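# What would the 3D arrangement of this be:
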Amino acid sequence: IAGANAYGNNDANRANRTALGKSVAALAKRKKAQISAIAQELHDFYRVRIVVMIGVLLVAILLRPVASILVSRRFIAGPILRLTGTMSGLAQSDFSRDIEGGERHDEIGEMARAVLVFKENGMANQRMQAERAQAQAEREQRQQHVEGLIHDFDNRMSSVLEQVAGATVELQATAKSMSS
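Prediction:
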């Protein structure tokens with residue numbers, strides 16, 4: 001102990017060490033209280049965040065079916081129903097409808113482009129039928145004209161033949177009277 005006493009083991013240094021120990025203990029107590037307060041704030045913060053996240057997840061879970069229905073109606077069922085209506089119109093030779101969705105790059109766009117081909121083919125078929133009907137009407141008109149010409153020719157020839165026959169009878173009568 002004598003060596004320790006030589007290096008400052010005395011009452012004044014012991015009092016300083018005791019005061020330092022009390023000061024460190026008081027500081028540790030204050031810091032411990034601050035740490036506890038901060039830990040409680042963090043705990044409360046994360047509790048609120050967890051409750052908010054659970055709420056957002058519940059809302060998302062509840063809105064998912066509604067959003068799925070809205071999206072499917074808007075982007076899938078709606079265009080398909082419109083294409084179905086258009087195809088029904090095409091089946092009834094209504095080619096006035098516009099084909100929607102041909103610019104899309106998905107299956108519905110492919111369907112719309114296929115329906116457009118049906119529309120174009122139907123319009124071409126309708127044009128060909130109209131041209132065929134017009135050609136048939138022109139043939140019938142020509143046939144009637146030819147039949148009219150034949151009828152007129154027949155009437156004229158009958159008239160001429162009747163005149164020739166009448167003249168022949170007169171010539172025979174004249175020839176008989178001259179020979180008697």
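
# only C-alpha atoms for contact and neighbour calcs from this point on.
Will do.

# Next secondary structure element downstream of the helix or strand bottoming out on mean pLDDT in the chain?
Within the chain, judged by mean pLDDT, DSSP states H and E, the helix or strand with the poorest mean is helix 2-6; its value is a mean of 67. Downstream of helix 2-6, the next assigned helix or strand under DSSP states H and E is helix 11-72.

# And that following helix, how far out from the chain middle?
Chain-centre distance of helix 11-72: 52 Å, with C-alpha atoms, centre = their mean, to the nearest Å.

# continuing past that helix, what's the next helix or strand?
Downstream of helix 11-72, the next assigned helix or strand under DSSP H and E is helix 78-91.

# What residue in this structure is the furthest from its centre?
In the chain, counting by C-alpha atoms, centre = their mean, S180 sits farthest out from the average C-alpha position, at 106.2 Å.

# and the gap between it and G122?
In this view, S180 and G122 are 85 Å apart by C-alpha to C-alpha, to the nearest Å.

# M128 now?
10 Å.

# Give me the more crowded residue out of these two.
A direct count of neighbours by other C-alpha atoms under 10 Å for M128 and G122 places G122 higher, at 17 against 12.

# isn't that one right next to S96, touching?
No. The pair G122 / S96 is not scored as a contact, 11.3 Å apart, by C-alpha atoms under 8 Å.

# Report how many residues lie close to F118.
Residues near F118, counting by other C-alpha under 10 Å: 16.

# ok, now which ones touch it?
Shown in contact with F118 (C-alpha atoms under 8 Å, 6 or more residues apart in numbering): L90.
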